[in-house]
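In: Got a sequence here, can you model it:
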Amino acid sequence: VLKGLGFEDRDFERLTDEFSGGWQMRIELAKILLRQPDFLLLDEPTNHLDIESILWLEEFLDGYEGSLIVISHDKTFLDNVTKRTLEIELGKLYDYKASYSGYVEMRKERREKMMAAYENQQRVIAEKERTIKRFMAKATKTSMAQSMQKQLDKIERIEIEEEDTAVMNIRFPEAPRSGQVVIEASKVTKRYGELLVLDKVDLKLDRGDRVAFVGQNGQGKTTLAKILVNALQPTEGQVKIGHNVSIGYYAQNQAETLQPNLTLLETMEQHSPPEMRTKLRAILGAFLFSGEDQDKKVSVLSGGERARLALACLLLRPVNLLVLDEPTNHLDMLSKEVLKNAIQQYNGTLIVVSHDRDFLGGLTDQTIEFRDHRLHTYLGDVNYFLEKRKLDNMRQVEKTSNDTAPAQKSEAAPKVELSYEERKQLQRAVSQAQKKVKELEKKIAKLEKEMADPNFYNQPKATEKLKSHGAAKEELEKYLEEWMLAEEKLNGN
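Out: Predicted structure coming up:
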């Protein structure tokens with residue numbers, strides 16, 4: 001179970017408080033799965049998992065004999081593990097005897113029938129209201145009108161949740177044409193001290209290329225994305241940006257750049273070219289901000305809401321290179337569909353880091369897997385990549401099972417042992433990183449407690465503290481990565 005969720009043998013004896021939040025979520029999931037309960041309730045179980053771990057979880061749940069309820073925005077996961085779908089709409093529960101894809105079709109049919117019934121009821125109500133109004137004008141028919149009004153009041157009104165189909169037409173604004181070569185990374189290496197993340201990787205993207213970055217967590221996907229947009233400097237190698245290239249970059253910490261004293265609508269206006277001004281409310285609605293929410297201050301938003309707002313702002317900018325790092329983490333089904341539809345119509349160059357197979361499906365024409373500090377390119381979308389990887393894994397299993405014992409020993413022979421001094425150095429690196437992580441987590445928790453106070457933003461030092469909070473989070477991410485890489489190198493030999 002632990003291996004299926006991405007842990008290595010060397011992790012088994014570690015204390016749980018040594019792991020980051022995302023990995024602690026995996027530990028909790030492992031504990032629940034191992035209990036083999038009669039009834040299992042999983043709330044967004046795939047949020048902290050990479051594609052390989054999600055595939056393993058699907059296989060595990062396929063063999064689970066108890067009852068299962070899953071809350072998830074991962075369509076492919078739902079299709080693979082469920083056979084029944086419950087939908088909550090306007091306080092009512094609708095039960096569909098189908099997996100997610102079947103539910104979508106059945107829901108469409110139900111809504112068409114309900115819409116017909118709703119429109120018919122509205123015609124009947126309008127006719128009765130006209131009759132009542134006419135009768136009330138005549139003294140001889142007042143009592144009849146009052147009786148009709150009582151009957152009308154007793155009618156159970158059909159309610160239908162409104163669907164704004166206009167949001168599906170949201171598009172990225174037209175961007176200036178870039179040169180043929182958009183971005184080129186040559187021999188890029190990234191180390192934290194002695195810890196290697198990327199090893200002499202090359203990447204060249206031409207105008208119109210659409211690339212997905214996939215792979216297990218901690219393999220350098222986000223690191224390379226940051227290097228490409230100049231948010232992080234490589235240890236070695238260089239990155240060249242092509243002629244007339246304008247970059248749009250979305251990352252989870254993008255939300256930290258939002259101004260807390262502005263409203264959501266003012267934030268959008270700040271980022272919007274004039275021709276997009278009429279679409280701002282529709283875009284906010286597509287990202288789950290409707291009605292009065294749009295006039296709230298950024299300061300009262302949760303972390304997830306700020307991330308959605310930062311993503312909505314990105315839809316306003318005319319860029320010809322779009323780099324998105326886990327853009328779907330805080331989105332619901334409709335928001336993901338709106339974003340995917342906009343990206344499919346986008347004619348610039350795209351890099352997207354994601355573990356959401358449904359979102360990635362058909363979105364890119366290349367998939368780059370990050371494995372063993374290198375890039376492995378597959379000329380197709382995520383579904384092509386998964387099929388190829390399945391075949392590669394099967395071939396590897398066949399090769400291993402056909403190898404003789406001496407051959408296996410000779411394969412293992414080149415394994416390099418760390419020297420005593422190297423192990424001591426790595427152990428020191430782990431210890432120092434752990435210490436810094438604990439210090440930074442305390443600092444961030446203290447600042448966030450202050451930020452939760454509505455009067456915080458009236459303080460003279462509010463801006464300074466916000467900057468300190470953003471810097472601490474970036475530093476925390478750096479030390480977490482150092483910690484993980486030191487552990488990998490220490491236990492991988």
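In: Look through this protein and tell me its longest helix.
Out: With secondary structure taken from DSSP state H, the chain has its longest helix at helix 100-136.
In: What average pLDDT does that helix get?
Out: Helix 100-136 comes out with an average pLDDT of 85.
In: what does stretch 173-188 give?
Out: Mean pLDDT, stretch 173-188: 91.
In: and the longest helix of the chain, which residues are buried?
Out: 100, 102-103, 106-107, 132, 135 (16 or more other C-beta atoms under 10 Å). Using the backbone N, CA and C atoms, a C-beta is placed for each residue, glycine as well.
In: Looking at these, which is nearest residue 379?
Out: Taking C-beta to C-beta as the measure, residue 379 lies nearest residue 100 of the buried residues of helix 100-136, at 29.1 Å.
In: I'd guessed the closest one sits against residue 78; true?
Out: Yes - the criterion here is C-beta atoms under 8 Å, and residue 100 meets it with residue 78 at 4.0 Å.
In: between these two, what contacts are shared?
Out: residue 85 (C-beta atoms under 8 Å, 6 or more residues apart in numbering).
In: Break down this protein into its strands, ranges please.
Out: With strands called from DSSP state E, the chain shows them at 39-43, 67-71, 85-89, 92-96, 181-192, 195-206, 210-214, 236-241, 247-250, 321-325, 349-353, 366-371, 374-378.
In: Ok, which of these comes nearest residue 277?
Out: Of all these, strand 247-250 sits nearest to residue 277, with 18.8 Å by C-beta to C-beta.
In: Which elements pack onto that closest one?
Out: Other helices and strands packing on strand 247-250, by 3 or more C-beta pairs under 8 Å, 6 or more residues apart in numbering; DSSP states H and E, are helix 303-314, strand 321-325.
In: One more pass at 10 Å, please.
Out: With contacts taken as 3 or more C-beta pairs under 10 Å, 6 or more residues apart in numbering; DSSP states H and E, strand 247-250 sits against helix 221-228, helix 303-314, strand 321-325, strand 349-353.
In: weakest of those by average pLDDT?
Out: Taking the mean pLDDT of these, helix 303-314 comes last: a mean of 84.
In: Next, the angle from that one to strand 321-325.
Out: 170 degrees (axes from the mean of the first three to the mean of the last three C-alpha atoms, to 10 degrees).
In: In helix 303-314, which residues are buried?
Out: In helix 303-314, counting by 16+ other C-beta under 10 Å, buried: 305-314.
In: tell me what that helix is packed against?
Out: Contact here means 3+ C-beta pairs under 10 Å, 6+ apart; on that basis helix 303-314 packs against strand 247-250, helix 264-271, helix 280-286, strand 321-325, helix 333-345.
In: CA atoms of it as PDB?
Out: The C-alpha trace of helix 303-314 is given here as PDB (Å, rounded to 0.1, in the frame of the first residue of the first chain):
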ATOM      1  CA  GLY A 303      -6.000  30.200  -0.100                       C
ATOM      2  CA  GLY A 304      -8.000  28.100  -2.600                       C
ATOM      3  CA  GLU A 305     -10.200  31.100  -3.500                       C
ATOM      4  CA  ARG A 306      -7.100  33.300  -4.100                       C
ATOM      5  CA  ALA A 307      -5.600  30.600  -6.300                       C
ATOM      6  CA  ARG A 308      -8.800  30.500  -8.400                       C
ATOM      7  CA  LEU A 309      -8.800  34.300  -8.700                       C
ATOM      8  CA  ALA A 310      -5.200  34.300  -9.900                       C
ATOM      9  CA  LEU A 311      -6.100  31.700 -12.500                       C
ATOM     10  CA  ALA A 312      -9.100  33.800 -13.700                       C
ATOM     11  CA  CYS A 313      -6.700  36.800 -14.100                       C
ATOM     12  CA  LEU A 314      -4.500  34.800 -16.400                       C
END
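In: which residues of the stretch 351-493 of the chain score low on pLDDT?
Out: Scanning the stretch 351-493 of the chain for pLDDT under 70 picks out 391-421, 424, 454, 490-493.
In: could you pull out the helices for it?
Out: Assigned helices in the stretch 351-493 of the chain, in chain order: 357-360, 382-402, 405-412, 420-451, 462-491 (criterion: DSSP state H, counting those that start in this stretch).
In: how far does the fourth one sit from the chain's center?
Out: Here the centre of mass of C-alpha atoms in helix 420-451, compared against the chain's by C-alpha atoms, centre = their mean, to the nearest Å, lies 26 Å away.
In: May I see the buried residues of it?
Out: Applying 16+ other C-beta under 10 Å to helix 420-451 flags 425-426, 429-430, 433-434, 436-437, 440-441, 443-444, 447 as buried.
In: The last one too?
Out: Counting neighbours by 16+ other C-beta under 10 Å, one finds that the buried residues in helix 462-491 are 462, 465-466, 469, 472-473, 475-490.
In: hmm, what's the outermost residue in this structure?
Out: Most distant residue from the mean C-alpha position of the chain: residue 140, 66.2 Å away (C-alpha atoms, centre = their mean).
In: got a list of what it touches?
Out: Contact analysis of residue 140 by C-beta atoms under 10 Å, 6 or more residues apart in numbering lists nothing.
In: and the gap between it and residue 151?
Out: Here the criterion is C-beta to C-beta, to the nearest Å. By it, residue 140 lies 19 Å from residue 151.
In: Kindly report the same for residue 204.
Out: When C-beta to C-beta is the yardstick, residue 204 and residue 151 sit 74 Å from each other.
In: now swap in residue 240 and tell me
Out: Distance from residue 240 to residue 151, counting by C-beta to C-beta: 76 Å.
In: what do you get for residue 159?
Out: Distance from residue 159 to residue 151, by C-beta to C-beta: 20 Å.
In: go on, residue 231?
Out: In terms of C-beta to C-beta, residue 231 sits 66 Å off from residue 151.
In: Between these two, tell me which one has more neighbours.
Out: For residue 231 versus residue 151, neighbours defined as other C-beta atoms under 10 Å are more numerous around residue 231 (15 against 11).
In: residues near the nearest residue to the more buried one once chain neighbours are set aside, how many?
Out: Closest residue to residue 231 apart from its sequence neighbours, by C-beta to C-beta, 6 or more residues apart in numbering: residue 249 at 7.1 Å. Other residues near residue 249 come to 19 when the count uses other C-beta under 10 Å.
In: beta partners for residue 249?
Out: residue 323 (DSSP bridges).
In: now, the most widely separated pair of the buried residues of helix 420-451?
Out: For these, the farthest-apart pair by C-beta to C-beta is 425 and 447; their separation is 32.7 Å.
In: From what I see, residue 427 and residue 483 are in contact.
Out: No - at 11.8 Å, residue 427 does not count as touching residue 483 under the criterion of C-beta atoms under 10 Å.
In: wait, what's in contact with the nearest residue to residue 289 once chain neighbours are set aside?
Out: Closest residue to residue 289 apart from its sequence neighbours, by C-beta to C-beta, 6+ apart: residue 264 at 5.6 Å. Going by C-beta under 10 Å, 6+ apart, residue 264 touches 258, 280-281, 284, 287, 289, 293-298, 301, 305-306, 308-309, 312-313.
In: Recalculate using a threshold of 8 Å.
Out: Residues near residue 264 by C-beta under 8 Å, 6+ apart: 284, 289, 293-296, 298, 301, 309.
In: Which one of those is nearest to residue 389?
Out: residue 309 (35.4 Å).
In: Now do that closest one against residue 255, distance only.
Out: 7 Å.
In: same deal with residue 154?
Out: From residue 154 across to residue 255, the span is 49 Å (C-beta to C-beta).
In: Looking at these two, which is more packed in?
Out: Between residue 154 and residue 255, residue 255 has the larger neighbour count (other C-beta under 10 Å), namely 22 against 7.
In: Cheers, nothing more for now.
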